[in-house]
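Asks: Structural data only, the sequence is not supplied:
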């Protein structure tokens, strides 16, 4: 059995997927690399097959009809044989030294008496044209060099939430929680980083800059114009996160507080993108999102509506919406989220 399975969702990724795969081959026989070709029309399938042929004990090529990023991750989870599971997007890559430290740590943890459900590491924003690279690290929030539970997690500011890039789950835990990401939907990485959390009991934080998150392509899903165009998918993910938060019930107090903070951010992003779209239809969708939350759980609605972000995103009138946009831009700089 492999130590770590790494899924690479690929859709028309011929121009950059090789850099990603090459960075992961460093892991050698301890690693299983699952290259998922999600119905590409370029050379993605050919490149995936070439790597699988060259490294038959490490690389597996998976071909499927186009189902979107979420279904590609689902395919990775279905085919994973490793004890732990990681997703690396095809335009991203990993740092060699940090990668070796990750594998060494996972191996040592397996030999210990306790099972670790989630290993967390840092990621680096590789923003095109940026002179300084921002590192998302958790030194002030999480204990280091020990296995810990949610009770030992310190306050995590709004800009310090865990993303898919920072997370390696125990594979069986993902199966146990029944995680299945929706098809033909962007932004499902938020669900991957959110839904399994109530099943996570033991965590470990390794303070290394492992994942390199590339930002800069015009067609990238986090591009604001692209987000507005795909706002229905953002809303769908937002609603599923609301459902997951309500479903988790009386879980650990600190975990619940963290999950609410994350949900607050996602709801804020949905709201601001709908405000930025600036159409009657988009403003109606914003109203409908809040009505959905209210209908599912009034207490959660009240908490979101009256949080700092909730109040700012719901200022009345055109002038209020302009103030909401200005406040969001300040928050982007202060908190560091997209």
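Replies: Thanks, I have it. These numbers come from a predicted model, not from an experiment.

Asks: And residue 215, its phi and psi?
Replies: Dihedral pair for residue 215: phi -130, psi 130, per degrees, to the nearest 10.

Asks: swap in residue 311?
Replies: Torsion angles, degrees, to the nearest 10, at residue 311: phi -70, psi -40.

Asks: Next, count neighbours for it.
Replies: Neighbour count for residue 311, taken as other Cβ atoms under 10 Å: 12. In short, each C-beta sits where N, CA and C put it, glycine included.

Asks: Contact partners for it?
Replies: residue 305 (Cβ atoms under 8 Å, 6 or more residues apart in numbering).

Asks: swap in residue 38?
Replies: Taking Cβ under 8 Å, 6+ apart, one finds 9, 10, 11, 64, 66, 67, 68, 69, 71, 72 in contact with residue 38.

Asks: do the same with residue 208
Replies: Here residue 208 is in contact with 95, 97, 98, 101, 102, 121, 122 (Cβ under 8 Å, 6+ apart).

Asks: Kindly recompute the last result at 6 Å.
Replies: 98, 101, 121 (Cβ atoms under 6 Å, 6 or more residues apart in numbering).

Asks: Weed out the non-buried ones from the residues you listed.
Replies: Buried subset of those (neighbour count, 16 or more other Cβ atoms under 10 Å): 98, 101, 121.

Asks: Cross those against helices and list the overlap.
Replies: Among the buried ones among the contacts of residue 208, the members found in helices (DSSP state H) are 98, 101.

Asks: closest to residue 316 among the buried ones among the contacts of residue 208?
Replies: residue 121 (43.3 Å; Cβ to Cβ).

Asks: tell me the mean pLDDT for the helix with the most length in the chain?
Replies: Counting residues, the longest helix found in the chain (DSSP H) is helix 253-277. Mean pLDDT, computed over helix 253-277, is 94.

Asks: begin at 43 from here
Replies: Got it, the first residue is 43 from now on, which makes the last one we talked about helix 295-319.

Asks: which of the residues in it are buried?
Replies: 296-298, 300-301, 303-319.

Asks: Now do stretch 282-291: everything it contacts.
Replies: 233, 236, 237, 240, 301, 305, 308, 335, 339.

Asks: so the fourth one, which of the three states?
Replies: Residue 240 carries the three-state label helix when classified by DSSP: H, G, I helix; E, B strand; the rest coil.

Asks: Ignoring the adjacent residues along the chain, who's closest to it?
Replies: In space, and not counting its chain neighbours, residue 240 is closest to residue 290: 4.3 Å by Cβ to Cβ, 6 or more residues apart in numbering.

Asks: Next up, phi/psi of the one you found, please.
Replies: According to degrees, to the nearest 10, residue 290 has phi -70, psi -20.

Asks: Alright, I will stop here.
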